[in-house]
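**Q** Okay, predicted coordinates and the sequence, questions at the end:
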Amino acid sequence: MQNIFKNKDFVSIFLISFLSILLIILMGIGLIWYYRANIFEYFAREYLQESQNQDDTKAGTEKILEKQTIFSQEHFVIDAVKKTNPAVVSIIISKEIPKYETYIDPNQPANPFGDLFPGFPSFNFNIPQYRQNGTEKKEIGGGSGFFVSSDGLIVTNKHVVDQKDVEYTIFTNDGKKHIAKVTARDPVLDIALIKIDGSGYPSLSLGNSDTLEVGQNVIAIGNALGEFRNTVSVGVVSGLARSITTGDNSGKLEVLDRVIQTDAAINPGNSGGPLLDLSGKVVGVNVAVAQGSQNIGFALPINSVKSAIESVKSIGKIVRPYLGVRYLAVNPEMKDKNNLTVDYGVLVKAGANRNELAVIPGSPADKAGIVENDIILEIDGVKLDEKANLASIIREKRIGQVVNLKILHRGAEKNVPVTLEAAKDN
């Protein structure tokens, strides 16, 4: 090593090598600077390509998840329909109506104007006459229903089977037809139960309508327009606890409260059919459609129907618990106009007709000592306001059940136990 450092050419060799390396570095820097745009474009393109690949991967993943969600929902709908369709029936209403025929009266006068124009020429006008020639059976309406027991018990709407001089024919999903008899019509709700002979029919399971949420998927099945049997429509729960006034062709009006609003297509003829959740359980009974609107239908919550079904199964008719009072709902406006001390509850009040007493004699309310102008504030701890209706709460109780009422009697609050009894037949 010492001999190398003593060599006189070392310095010149080192300098030449250093200068060569420096020159190469400078040339490299110069080339990089000269081609800087191309180099930047190359790396930018590579970066964008990598970013695009990542975005494509993310978008692809999102599309896959979206497709999986759609597939999953479709799978649930298809499975629910396959499972429940055999238990949904179509109801056809038929009636014997007069059958007329035309005939020519041979005793018609030749001069149809008689003594008015006695000189008028005679002609055989042969004006046709009409007369009844027996009767013929014709379809006059239709609806839907569903089996709730294997022995042929069917739930439908009361307004579907409210006529007594007609024949109700049931078409099951397999195309067979059966003559049905009306077992019971609900005195409170738009619900009726009918029955056909036989056994082994598929029936639907009843769900819990109290757990429904706005936006939840639901399925409606029914005899759309009275013509297209077992039509399926899918939508969501659009609203809960709605209050609506319904009417039929005869002009009868009925107020239904706490009903389910849905955008699943409910057409005339769907009345009485089931509203199902994605598991295939009944959460409502389709009852009405808003005329002149699009995708606004209503269904009775199944929890308010269960007691009627159980009542028919056990005793053969619908009996409802009742309290026995007429009332007006108290609100802030009523409070201000009548100097009341509360702005909620129901005021026990007689009807406009003098026969419509505030408290029905001998009723559970009468036996408990409730009198006109009492204000019922709560029932079993539930405050009676725009969210809680007295009739709906009573409807879901049992006959013989003791309920606790908080009432305002002559300015003082007190708790009154009341034993519910069966409503009188309408």
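**A** Received it, and whenever you're ready, just let me know what you need. The shown structure was predicted, so the numbers you read here are calculated from the model rather than taken from an experiment. Residues are numbered from 1 along each chain as shown.
**Q** Which element, helix or strand, includes Lys73?
**A** One correction, residue 73 is Gln, not Lys. Using DSSP states H and E, Gln73 maps to helix 36-84.
**Q** ugh, wrong one, Glu333
**A** helix 332-338.
**Q** which other residues reach that helix?
**A** The list of residues contacting helix 332-338 from outside it, by C-beta atoms under 8 Å, 6 or more residues apart in numbering, reads Leu328, Leu340, Thr341, Val342, Asp343, Leu347. C-beta: built from backbone N, CA, C; applies to glycine.
**Q** Quick check: the second one is in a helix.
**A** So the one you mean is Leu340. No - secondary structure of Leu340 (DSSP: H, G, I helix; E, B strand; the rest coil): coil, not part of a helix.
**Q** Distance check, it against Ser20.
**A** In this view, Leu340 and Ser20 are 107 Å apart by C-beta to C-beta, to the nearest Å.
**Q** Those two: which is more packed in?
**A** Leu340 (17 against 10; other C-beta atoms under 10 Å).
**Q** could you measure the more buried one against Asn373, distance?
**A** Computed with C-beta to C-beta, the distance linking Leu340 and Asn373 is 10 Å.
**Q** so what's in contact with the two at the same time?
**A** Leu347.
**Q** what's the following helix or strand after the helix holding Gln73?
**A** Downstream of helix 36-84, the first helix or strand assigned by DSSP H and E is strand 88-104.
**Q** downstream neighbour of the helix holding Glu333 in the secondary structure list?
**A** Note on helix 332-338: by DSSP H and E, the next helix or strand toward the C-terminus is strand 346-348.
**Q** counting contacts, what elements does that following strand pack onto?
**A** When contacts are defined as 3 or more C-beta pairs under 8 Å, 6 or more residues apart in numbering; DSSP states H and E, strand 346-348 packs onto strand 327-329, strand 375-379.
**Q** Can you tell me which helices and strands the shortest one packs against?
**A** Judged by 3+ C-beta pairs under 8 Å, 6+ apart, strand 327-329 is in contact with strand 346-348.
**Q** Show me what the helix or strand following the strand it packs on is packed up against.
**A** Counting by DSSP H and E, the next helix or strand C-terminal to strand 346-348 is helix 364-367. Here helix 364-367 touches strand 412-419, going by 3+ C-beta pairs under 8 Å, 6+ apart.
**Q** give me that answer again for 6 Å
**A** In terms of contacts (3 or more C-beta pairs under 6 Å, 6 or more residues apart in numbering; DSSP states H and E), helix 364-367 is not packed against any helix or strand.
**Q** what sits up against that helix?
**A** Helix 364-367 has contacts (C-beta atoms under 6 Å, 6 or more residues apart in numbering) with Leu323, Gly324, Val325, Val359, Val418, Thr419, Leu420, Glu421.
**Q** Test my guess that Thr84 contacts Ser279.
**A** No - applying C-beta atoms under 6 Å as the test, Thr84 and Ser279 come out as separate, 9.9 Å apart.
**Q** for the stretch 301-426 of the chain, which spans come out with low pLDDT?
**A** In the predicted model of the stretch 301-426 of the chain, residues 425-426 satisfy pLDDT under 70.
**Q** how is the chain carved up into domains?
**A** Following automatic domain parsing, the chain resolves into domains at 86-107+127-195, 209-315, 321-422.
**Q** of all these, which lies closest to Tyr42?
**A** domain 209-315 (50.7 Å; C-beta to C-beta).
**Q** Just the endpoints, please. Distance across the closest one?
**A** In domain 209-315, first residue to last residue: 25 Å (C-alpha to C-alpha, to the nearest Å).
**Q** Also stretch 389-409?
**A** Start-to-end, stretch 389-409 (C-alpha to C-alpha) is 20 Å.
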